[in-house]
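>>> using only what follows, build the 3D model:
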Amino acid sequence: MLDNLSTSAFASERDPLSEVLQDLRISGVEYGYCGLSRPWAVSVPGNAMLRVHFVISGECWLRPQGRPPLKLVKGDAALLPGGASHIVSDHPSRRARPLSDFPREEIGDHIYRLKIGQAALSAVMVCCGVDFAEPVMHPLLTLMPPALVVHAAKGMDPMLPMLLDAMADEIAEQRMGSATVLIRLGDVLITRLLRSWVEASCDDATQGWSAAIRDARIGQALAAIHREPGRPWSVEALAGVAGASRSTFSERFTALLGLSPGQYLTRWRMRRAAAWLQTERLSVAQVADRLGYESEAAFSRAFKRVVGSPPSALRRKSTATRPRP
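Next comes the predicted model:
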């Protein structure tokens, strides 16, 4: 299969991380500016949103469910890719109250201010909840740890504080178009935060997504999958992109990501399919053809297996909710 392809077929102006991140698009963001006075502990319920906590001043503890507490200090950022339930508190053993117990001031469209306690502030945080348009979670997010921290002391991207300042200005000024500007800033913020995490974890990550994207061979294969999901990829073809034997490539890929190359490819194809069905008004048959499936039926079976519902249902739902011109 590779014999008929020129060497430029896999050339790209983008590095593997750029290829993987380019389709991570935000559809909505909720922002909270939180002033916290001791003693405090907030239980945040799990949901489908990616959650991010930035410590503007002071310090706090992030307590993901079923995992050891993580200390955050000024300048640190915590990210929960799958929106898992967690507690944020001033002490690692403080008993928490549900987030819904604390009244918050709505100061804009999906923007709120939260104040806990009357004493001097022990911590100030910006907390974000991020929604993505596609019903299939990006493979990057499914393969990341339930909670991760990017520490300022380990060389956090210097642009992140500037982006937070820009967000704070938008929240304070509430100018026309602020909601759209905040979504765009959120896109950049999340992307740069993920890059910081990959760079910061490179020295001690031996498996998982950050290790895979930095692996010289596996990273190239991931980039190829994301760049051309409709190409009739075989394990042999992907191994060729990676410059490795079939067995070595397959074993390395699975060891790093916990998925076989075929499983990862299918997940990515179904995510692209969902996006095309929702935003490009393509028919199920057109999407099946674009992704290289021999029949609409074969594509529909794969889609339902990954997403949980047939592609026709997603397309009907998207058409029904799309505003008329």
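>>> quick one: low-confidence parts of this protein?
Within the chain, the segments meeting pLDDT under 70 span 1-14, 133-137, 153-156, 200-207, 318-325.
>>> report the longest strand in it, please.
Identified as the longest strand of the chain according to DSSP state E is strand 50-64.
>>> give me every residue that touches residue 250.
Contacts for residue 250 (C-beta atoms under 8 Å, 6 or more residues apart in numbering) come out as 235, 239, 260, 261. Quick note: C-beta positions are derived from backbone N, CA and C, even for glycine.
>>> picking up where we left off before, parallel or antiparallel, list what pairs with the longest strand of the chain.
Within its sheet, strand 50-64 is paired with strand 70-73 (antiparallel), strand 77-80 (antiparallel), strand 86-89 (antiparallel), strand 123-132 (antiparallel), according to DSSP bridges.
>>> quick one: closest of the ones you listed to residue 301.
strand 123-132 (24.5 Å; C-beta to C-beta).
>>> how distant is the closest one from the center of its chain?
From the chain centre to the centre of strand 123-132 is a distance of 14 Å (C-alpha atoms, centre = their mean, to the nearest Å).
>>> ok, now stretch 90-107?
Relative to its parent chain, stretch 90-107 has a centroid offset of 25 Å by C-alpha atoms, centre = their mean.
>>> can you show me the helices along the stretch 151-300 of the chain?
Along the stretch 151-300 of the chain, the stretches classed as helices by DSSP state H, counting those that start in this stretch are 159-173, 178-200, 209-214, 216-227, 235-242, 246-257, 261-279, 284-290, 296-307.
>>> okay, and the residue most central in space within the chain sits in which element?
The chain has residue 141 as the residue nearest its centroid, 4.6 Å off, counting by C-alpha atoms, centre = their mean. Assigning secondary structure by DSSP states H and E places residue 141 in helix 139-143.
>>> what's that helix packed up against?
Contacts defined by 3 or more C-beta pairs under 8 Å, 6 or more residues apart in numbering; DSSP states H and E place helix 139-143 against helix 209-214, helix 261-279.
>>> which secondary structure elements does the first one contact?
The contact analysis (3+ C-beta pairs under 8 Å, 6+ apart) places helix 209-214 against helix 16-21, helix 139-143, helix 178-200, helix 216-227, helix 246-257.
>>> quick one: contacts of it?
Identification of contacts with helix 209-214 by C-beta under 8 Å, 6+ apart yields 16-17, 20, 140, 143-144, 197-198, 201-202, 205, 218-219, 222, 253, 256-257.
>>> which PyMOL command selects the buried ones in those?
Restricted to buried positions by 16 or more other C-beta atoms under 10 Å, the PyMOL selection for the contacts of helix 209-214 reads:
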select buried, resi 16+17+20+140+143+144+197+198+201+205+218+219+222+253+256+257
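>>> what distance do you get for the residue nearest to the centre of the chain to residue 81?
According to C-beta to C-beta, to the nearest Å, residue 141 stands 4 Å off from residue 81.
>>> need the residues touching each of the two.
Residues touching both residue 141 and residue 81 by C-beta under 8 Å, 6+ apart: residue 50.
>>> run through who's touching stretch 32-44.
Stretch 32-44 has contacts (C-beta under 8 Å, 6+ apart) with 51, 58, 60, 85-91, 94-99, 102, 104, 111-128, 168, 171.
>>> what residues of that stretch count as buried?
Within stretch 32-44, the residues scored as buried using 16+ other C-beta under 10 Å are 32, 33, 34, 35, 36, 37, 38, 40, 41, 42, 43, 44.
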